[in-house]
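Q: Need coordinates for the following:
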Amino acid sequence: MTEWPGVSYVIPVLNEAEYVEAAVSSVLAQDYPGPAEVVLALGPSTDGTNEIVAAMQADDTRIHTVENPGTDIPIGLNRAIRASQYPVIVRVDAHTQLPPGYTERAVATLQREHAANVGGIMMAVGRPGLQAAIARAYNSRLGLGGAAYHRSDEPAGEAESAYLGVMRADALADVGYFDESVRRGEDWELNYRLRAAGHRVWLDPELKVTYWPRADWPALVRQFWATGIWRGELVRRLHRRNSLRFFAPPALVAGTAVAVLTGPAALTGVGGPGLAIVAGLSAAAPAAYVALLAAVAVGDKGSIADRARYCWVLATMHYVWGAGFLVGAVRGGRHTVDASRIAPVQPSQPSS
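A: Presented below is the predicted three-dimensional model:
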């Protein structure tokens, strides 16, 4: 490549005092031969995040900011993109850290494959305890349903979606940028529209991004509740144009609910054989799920506490996400937001 295009890193930020400096530092440390800038969309943080960003901005003229008073991620992303000056947009999350050669490889792939978006693999990491269990669930096929960008053994090629993304600014403009009415799942929805418009979305498993997940159980619940609701909303909008894997957790939740409601009556003989059959069939899903978790716990390595935490995290992800999905599919996303960002926890500072 004789000339490297300029890149604009866009980062929506809200209450990320413990992570934002490491994320921005990983961006500024990129081994990229072309010009670059960082544009952060700042929400109304209450934990000192904006002061940390201001200090970094004073030390490096490549860092710029735009205001995102409504806190919504897609709105913040669009504001940052529109304020950017370069033809390649690199999305970064405040909970992530990019490896040094990430941008160079992604831009080369973007041009070689004539793609609109190139993404890689989310490699979740966590400190010992609950965050480590959450990170492990993110990386597991059991945890997030086997999406390609969670599996490092996935071959490179065209994909349904890709994590974060290194995108052509003109392709984003072509499809109208991120849909600001989608509060969660905005990446998947954008990639859907890119593919529908004839653009290529490319997965490169060699692009591995470090991700620090939520570190406490209430934040995990709030995050997966909102994510499930918005997946249900996307099913309402796109109907059958969704992967079948999205329907497994809501089926588990529905089966469990029916079993709980019909089981006691069936056991006492109330309702006759018909209700007993319904109760038995509906109980099959949660029974199989419990057996799966038991097999995971027995066959796993680590302490009993580690195994218990991992199984608890898996069950939380599946049941909370599945319940949220059913709510979103019935009544839509409405104004549901990811409250785990609004009410953050205060974990220890990750190493950069």
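Q: quick check, M56 in a strand?
A: No. Counting by DSSP: H, G, I helix; E, B strand; the rest coil, M56 is located in no strand; its state is helix.
Q: Wait, it touches I63, no?
A: Yes. Under the criterion of C-beta atoms under 8 Å, M56 makes contact with I63 at 5.7 Å. C-betas here are computed from N, CA, C, even on glycine.
Q: shared neighbours of the two, which are they?
A: By C-beta atoms under 8 Å, 6 or more residues apart in numbering, M56 and I63 have these common neighbours: V24.
Q: So which residues of the stretch 1-150 of the chain form helices?
A: Along the stretch 1-150 of the chain, counting by DSSP state H, counting those that start in this stretch, helices occupy 20-28, 49-59, 73-82, 102-112, 130-139, 141-144.
Q: Of all those helices, which one is nearest L194?
A: L194 sits nearest to helix 102-112 of all the helices of the stretch 1-150 of the chain, at 12.6 Å, using C-beta to C-beta.
Q: shaky segments in the stretch 101-250 of the chain?
A: Residues of the stretch 101-250 of the chain meeting the criterion pLDDT under 70: 145-153, 240-243.
Q: make it 90
A: 139-156, 160-163, 183-185, 188, 234-248 (pLDDT under 90).
Q: Doesn't M167 belong to a helix?
A: No. Checked against three-state DSSP, M167 lies outside a helix; its state is strand.
Q: Hmm, it is touching R91, no?
A: Yes. With contact defined as C-beta under 8 Å, M167 and R91 form a contacting pair (7.1 Å).
Q: quick one: which of the helices of the stretch 1-150 of the chain is nearest G302?
A: Of all those, helix 130-139 comes closest under C-beta to C-beta, at 9.6 Å.
Q: How far does that closest one sit from its chain's centre?
A: Remark: helix 130-139 is offset 13 Å from the chain centroid, using C-alpha atoms, centre = their mean, to the nearest Å.
Q: Mind giving me the packing neighbours of that helix?
A: With contacts taken as 3 or more C-beta pairs under 8 Å, 6 or more residues apart in numbering; DSSP states H and E, helix 130-139 sits against strand 117-124, helix 141-144, helix 304-331.
Q: now the angle from the longest one to helix 130-139?
A: Between the axes of helix 304-331 and helix 130-139, defined by axes from the mean of the first three to the mean of the last three C-alpha atoms, to 10 degrees, the angle is 60 degrees.
Q: Repeat that for the first one.
A: With the same axes, to 10 degrees as the criterion, the two stretches strand 117-124 and helix 130-139 enclose an angle of 140 degrees.
Q: Could you list every helix and strand in contact with strand 117-124?
A: Counting by 3+ C-beta pairs under 8 Å, 6+ apart, strand 117-124 packs on helix 102-112, helix 130-139, strand 163-168, helix 186-196, strand 201-211.
Q: partners of it, with directions?
A: Here strand 117-124 has these sheet partners by DSSP bridges: strand 163-168 (antiparallel), strand 201-211 (parallel).
Q: most neighbours per residue, which of those?
A: Comparing the strands paired with strand 117-124 by mean neighbour count (mean count of other C-beta atoms under 10 Å), strand 163-168 ranks first with a mean of 24.
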